[in-house]
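Asker: Give me a model of this one.
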Amino acid sequence: MPIEDLRPTVDWDKYRTLTLERRDNGVLLVTIAAPEGHPAPTLTRRHTEISCLWRDFADDPALRVAVITGTGDHFWTVEGDEGIDEMRENPGHYGNTVNLIREGLTNVRGIVDCDKPIVSAINGEAMGSGLATALLADISVASTEARLIDGHLLQGIVAGDHSVLSWPLLCGLAKAKLYLLASADLTGEVAERIGLVSLAVPPGEVLGTALGIADRMAAGPQHALRWTKRSLNHWLRTAVPAFEASLAFEALSFFGPDLAEALTAQVERRQPRFAEPAHW
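Answerer: A predicted model of the protein is given here:
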């Protein structure tokens, strides 16, 4: 007798910053943009929704593979002074910082622990939590012209939302240190060359290539596919202690002066003047 499926029913209507398309072959296409009829997303709401997305995807029995992409020239960016104002609320605010840690853990562990495959179609500029999502996807397809920006150090905070977990495994420790410690952004073309993304293709081919890969996996043997992903991701799980340390140090840096100075400098359109470091 079949075992009753006790997984919760997923409420897909709750998403307000992501446009979701459920395809007949079990592919879920996620576009990082507010659905029609809803106001422009806030940074806080978008962080919350992306951290919930992967559990819902895993729990929906009709879905097999997810593809996540952005719109226009942006995969995920922080736009304008409104986004900066939201970030300026965090320094010295314990409750906001705890929430950021929780959502950072939920997003990263959600992607790593989700047995169903996730494909990212990196159509343009990607930064912050969006960059974490793009690069932690099982297969990442980037535009050759996409800009990948881990801007943590530019904002005076520790690179804590994914890079310590995955970059040394993807592109090696030497390249990870070059791009993270020197705060250097890189194109999709360079990212493919160093192993940070799976593929780099011309801009007009990004989504089509990602969907083609997803369609192939959706038609494949699902148990074998998911258990292979789960086995491979044990490499990432071995790095979780390093990731959690980086996330904790990132949270600590929210209480220092450098983040506030970096955000103020962005608003004032000038270079930040970081303070002399305290005794180490």
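Asker: now the helices: where do they sit in the stretch 51-200 of the chain?
Answerer: 80-88, 94-113, 128-136, 163-171, 173-181, 188-194 (DSSP state H, counting those that start in this stretch).
Asker: what's the closest of the ones you listed to residue 62?
Answerer: helix 94-113 (18.8 Å; C-beta to C-beta). For the C-beta atoms, the positions are set from N, CA and C on the backbone; glycine is no exception.
Asker: Tell me how far the closest one lies from the chain's centre.
Answerer: 11 Å (C-alpha atoms, centre = their mean, to the nearest Å).
Asker: Show me what it is packed up against.
Answerer: helix 43-59, helix 128-136, helix 240-253 (3 or more C-beta pairs under 8 Å, 6 or more residues apart in numbering; DSSP states H and E).
Asker: contacting residues around residue 261?
Answerer: Neighbour list for residue 261: 156, 272-275 [criterion: C-beta atoms under 8 Å, 6 or more residues apart in numbering].
Asker: Doesn't it lie inside a helix?
Answerer: Yes: the assignment for residue 261 (DSSP: H, G, I helix; E, B strand; the rest coil) places it in a helix.
Asker: mind checking pLDDT for it?
Answerer: For residue 261, the pLDDT comes out at 90.
Asker: how near is it to residue 93?
Answerer: Distance of residue 261 to residue 93, given as C-beta to C-beta, to the nearest Å: 17 Å.
Asker: pLDDT on stretch 272-280, on average?
Answerer: The model assigns stretch 272-280 a mean pLDDT of 80.
Asker: Begin at 640, not 1, for the rest of this chat.
Answerer: Right, with 640 as the first residue, what we last looked at is stretch 911-919.
Asker: Quick check: buried residues in it?
Answerer: Neighbour-count burial for stretch 911-919 flags residue 911 (criterion: 16 or more other C-beta atoms under 10 Å).
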